[in-house]
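In: Compute the structure for the input listed below.
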Amino acid sequence: MKYCLNYNQFTEHSSYIHQVDEWNIIFNEKDTTLLEFLNLHLDKRINLIISDMKFFKFCEELTKKYSNIYIKFTNNLIEEVEKIDKINFNFYFDTLVNNIDLMQQLIQLKVSDIYIVEDLGFNLKKLSPYLHKQNIQIRTYPNVAQSQWSNLPALKKFFIRPEDIDLYSNYIDVIEFFGEDKKMDIYMDIYKNKKKWLGRLDEIIIDFNSTIDNKYIIPKFAEIRAGCNRRCLKGEICHRCEQIENLASSLEKTNLIVSRWLPEKK
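Out: Have a look, this model is predicted:
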């Protein structure tokens with residue numbers, strides 16, 4: 001699994017700068033240091049964010065010279081890109097994909113990457129091999145509890161705990177973090193290095209509307225969610241999230257932590 005950060009005045013001094021695999025940078029036509037920056041970071045993938053199609057020809061020329069550059073178009077340019085017969089460089093959109101229709105639209109455009117969020121995050125076991133077969137990388141934001149409905153119970157939203165990042169590496173290719181850039185060091189340390197959080201999840205996961213303590217959640221949590229397809233919200237019987245939360249509450253009352261979950265008997 002790779003990690004991507006926005007390159008700016010905060011992250012360029014990050015303690016984990018050498019652990020970053022990709023940089024996002026916003027294209028500014030008045031910035032005369034772009035080529036210098038690119039030459040200094042030939043070992044990293046650079047995602048150049050473009051918000052105006054008038055720079056399309058520039059992108060073509062730049063990507064001919066720098067093979068590590070990917071063009072990241074903003075969502076408002078999808079219709080413009082659809083009008084182009086063929087694009088000869090790696091590109092994708094900053095679009096957050098939460099449904100199959102939108103995903104298929106981007107697949108048809110032959111994008112290099114797709115952001116998977118919300119409902120689709122619960123179907124990664126099937127989506128991952130499908131997208132990878134088409135040479136499309138999956139990206140996501142683990143530190144946001146994602147849902148169209150803000151009052152949905154926290155455990156029914158899509159997010160990834162630091163403890164579960166290795167399991168999700170089987171499905172997700174690139175991790176980005178949402179939030180203030182000055183906090184990126186904290187997220188890199190928690191998710192990439194420590195891979196553990198012993199406090200409440202709402203302390204590190206944005207829009208997590210619960211005070212549940214992470215250390216009391218059973219280790220099998222991620223395995224249950226990665227392919228559940230959120231059946232509980234689609235008319236099927238499933239109470240696993242409620243069971244996990246109730247068990248966590250019981251464990252917290254007795255101050256018991258489950259460090260290893262035994263396999264189910266067949």
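In: Ranking helices and strands of the chain by mean pLDDT, which lands last?
Out: helix 240-254 (a mean of 83; mean pLDDT, DSSP states H and E).
In: Can I get that helix as CSV, trimmed to CA atoms?
Out: The C-alpha trace of helix 240-254 is given here as CSV (Å, rounded to 0.1, in the frame of the first residue of the first chain):
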residue,chain,number,x,y,z
ARG,A,240,-23.0,-7.6,13.2
CYS,A,241,-22.2,-3.9,13.7
GLU,A,242,-24.7,-3.8,16.6
GLN,A,243,-23.2,-6.9,18.0
ILE,A,244,-19.6,-5.6,17.7
GLU,A,245,-20.6,-2.3,19.4
ASN,A,246,-22.5,-4.1,22.2
LEU,A,247,-19.5,-6.4,22.7
ALA,A,248,-17.1,-3.4,22.8
SER,A,249,-19.3,-1.8,25.4
SER,A,250,-19.3,-4.9,27.6
LEU,A,251,-15.5,-5.3,27.2
GLU,A,252,-15.0,-1.7,28.2
LYS,A,253,-17.1,-2.1,31.4
THR,A,254,-14.9,-5.0,32.4
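In: buried sites along it?
Out: Residues of helix 240-254 classed as buried: 241, 244, 245, 248, 251 (neighbour count, 16 or more other C-beta atoms under 10 Å). To be clear about C-beta, it is placed using only N, CA and C from the backbone, and glycine gets the same treatment.
In: Is it correct that the second one is in contact with residue 222?
Out: What that stands for is residue 244. No: applying C-beta atoms under 8 Å as the test, residue 244 and residue 222 come out as separate, 10.9 Å apart.
In: Please name the residues that touch residue 44.
Out: 20, 21, 22, 23, 68 (C-beta atoms under 8 Å, 6 or more residues apart in numbering).
In: Which among those count as buried?
Out: Neighbour-count burial (16+ other C-beta under 10 Å) is assigned, among those, to 20, 22, 23, 68.
In: returning to what we had before: does anything pack onto the least confident helix or strand of the chain? Which helices or strands?
Out: Judged by 3 or more C-beta pairs under 8 Å, 6 or more residues apart in numbering; DSSP states H and E, helix 240-254 is in contact with helix 221-225.
In: chain center to the helix it packs on: distance?
Out: 17 Å (C-alpha atoms, centre = their mean, to the nearest Å).
In: Which elements pack onto it?
Out: helix 165-168, helix 240-254.
In: Show residues contacting the longest one.
Out: Taking contacts as C-beta under 8 Å, 6+ apart, the residues outside helix 240-254 that touch it are 153, 155-156, 210, 212-213, 216-218, 221, 224, 228, 232, 257-258.
In: switch to 6 Å and redo it
Out: The contact list for helix 240-254, computed with C-beta atoms under 6 Å, 6 or more residues apart in numbering, reads 155, 156, 212, 213, 216, 217, 224.
In: Report the buried members of those residues.
Out: 155, 156, 212, 213, 216, 217.
In: so who does the fifth one touch?
Out: Going back to what we said before, that points to residue 216. Taking C-beta under 6 Å, 6+ apart, we find residue 216 in contact with 248, 251, 252.
In: Check what pLDDT the nearest residue to residue 179 once chain neighbours are set aside gets.
Out: In space, and not counting its chain neighbours, residue 179 is closest to residue 206: 6.4 Å by C-beta to C-beta, 6 or more residues apart in numbering. Looking at residue 206, its pLDDT reads 97.
In: What is the burial count for residue 206?
Out: A count of nearby residues for residue 206, using other C-beta atoms under 10 Å, gives 14.
In: now swap in the one 3 residues further on and tell me
Out: By the criterion of other C-beta under 10 Å, residue 209 has 14 neighbours.
In: State the helix or strand in which residue 236 lies.
Out: Under the criterion DSSP states H and E, no helix or strand holds residue 236.
In: how many neighbours does it have?
Out: By other C-beta under 10 Å, neighbour count at residue 236 equals 10.
In: From residue 224, how far off is it?
Out: Going from residue 236 to residue 224 by C-beta to C-beta, to the nearest Å gives 14 Å.
In: picking that back up, mind picking the two most distant members of the buried residues of helix 240-254?
Out: Greatest spatial distance among the buried residues of helix 240-254 (C-beta to C-beta): 241 and 251, at 15.6 Å.
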